[in-house]
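S.K.: Mind folding the following:
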Amino acid sequence: MIKKYKAKVSYGMLIFIFLVFFGPVSFEVLNDGIHSEFYVLLGVLIPSFVFILYMFLKTEYYIEENLLKIKCGLLFNKSIEIHKIKKISKTNSPISSPAPSFDRIGITYGEYDEIILSPKDKLTLAKDLTTIHPAIENNITED
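M.R.: Below you'll find the predicted structure:
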């Protein structure tokens, strides 16, 4: 059986990324008008932003048998053996990860490995993982 968990998406984070991409271009257009370089720049910025948007919206997590599978768009696919997970806890780490939100959890596994996720339903994911492997230290509680 496969159980799917949608990622929580922070639209504030997407707006910030949009402003970083297109804010400077907007100021340039307001100050100097539209030049031929503007279209080249848009030809790079728009597909880049659409790709980031796709990554945000296509981030999902799955439990399949004894594996936690993490999928983030086309580029990132990772499987973690659930019996190797040691701890699940909330984190505020801003590092790049398959977590399109600032509301994140850290999963510690293996010797020194950690991955950061942002499932919409953190509590259910943590409970499902600890049901499969009760030795996991679960620090996720209801808010």
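S.K.: Kindly confirm my reading that residue 111 is in a strand.
M.R.: No - looking at residue 111 with DSSP: H, G, I helix; E, B strand; the rest coil, it is coil, so not inside a strand.
S.K.: how close does it sit to residue 84?
M.R.: Residue 111 sits 9 Å away from residue 84, taking Cβ to Cβ, to the nearest Å as the criterion. All C-beta spots, glycine's among them, are computed from the backbone N, C-alpha and C.
S.K.: Hmm, residue 124 is touching residue 5, no?
M.R.: Yes - with contact defined as Cβ atoms under 8 Å, residue 124 counts as touching residue 5 (7.3 Å).
S.K.: If you count surrounding residues, which of those two has more?
M.R.: Each of residue 124 and residue 5 has its neighbours counted (other Cβ atoms under 10 Å); residue 5 has more, 19 against 13.
S.K.: Would you point out which residue is most central in the protein?
M.R.: By Cα atoms, centre = their mean, the chain has its centre lying nearest to residue 99, at 1.8 Å.
S.K.: ok, that one - contacts?
M.R.: Residue 99 sits next to 7, 59, 116, 117, 118 when contact means Cβ atoms under 8 Å, 6 or more residues apart in numbering.
S.K.: per-residue pLDDT, the closest residue to it other than its chain neighbours?
M.R.: Excluding the flanking residues, the one nearest residue 99 by Cβ to Cβ, 6 or more residues apart in numbering is residue 118, at 3.7 Å. pLDDT for residue 118: 94.
S.K.: Equivalent analysis for residue 143, please.
M.R.: 59.
S.K.: Just checking, which helix or strand of the chain averages the lowest pLDDT?
M.R.: Lowest by mean pLDDT, DSSP states H and E among the helices and strands of the chain is helix 11-32, with a mean of 86.
S.K.: What is that one packed up against?
M.R.: If you count contacts as 3 or more Cβ pairs under 8 Å, 6 or more residues apart in numbering; DSSP states H and E, helix 11-32 packs onto helix 36-57.
S.K.: what number of residues lie near residue 35?
M.R.: A count of nearby residues for residue 35, using other Cβ under 10 Å, gives 11.
S.K.: contacting residues for it?
M.R.: Neighbour list for residue 35: empty [criterion: Cβ under 8 Å, 6+ apart].
S.K.: before we move on, what about residue 84?
M.R.: 109, 110.
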